[in-house]
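Chemist: Below is the structure, and that's it, no one-letter string:
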């Protein structure tokens, strides 16, 4: 059960880090943002582009930080320290749930926008199941 838990949490962490890096390195908003905005990146004023890039960097930094924190928590989890599972759940609820909610709301606003609902839900599921198994024994 321990190996299963650590694999699930490692996958969640790596996915979060990958998305974090993608957002940190973005030079423009994502294609689904253009669909929601109804405008291409080049149609936006420079000031608005600067604001959006700043927000993307904040989101990217948050996702990368979440992923790195999960990786660090693998150490106490591997020693069966259940407090770490509570920490994983707390981090996941505060970092991933809002991310998933935003991706869903953007898709509801513009159904043609291919927002990353599945990856966000996957990270949420992996982390919750992975951390949840720590309480089973």
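Modeler: Thanks, I have the structure now. All figures in this text were calculated on a predicted structure; none of them were measured in a lab.

Chemist: which helices and strands sit right next to the longest helix belonging to the chain?
Modeler: Secondary structure of the chain per DSSP state H: the longest helix is helix 46-78. Packed against helix 46-78 by the contact rule (3 or more CB pairs under 8 Å, 6 or more residues apart in numbering; DSSP states H and E) you find helix 2-24, helix 82-109. Every residue, glycine included, has its C-beta placed from N, CA and C.

Chemist: most tightly surrounded among those helices?
Modeler: Highest mean neighbour count of these: helix 2-24, a mean of 18 (counted as mean count of other CB atoms under 10 Å).

Chemist: I'd like to know how far residue 99 sits from residue 49.
Modeler: From residue 99 across to residue 49, the span is 22 Å (CB to CB, to the nearest Å).

Chemist: hang on, the earlier thing: pLDDT averaged over the longest helix of the chain - what is it?
Modeler: Taken as a whole, helix 46-78 has an average pLDDT of 97.

Chemist: what does stretch 130-137 give?
Modeler: Across stretch 130-137, the average pLDDT comes to 86.

Chemist: Residue 47: how many residues sit nearby?
Modeler: Residue 47: 8 surrounding residues under other CB atoms under 10 Å.

Chemist: what's the spacing between it and residue 58?
Modeler: Counting by CB to CB, the separation of residue 47 from residue 58 is 17 Å.
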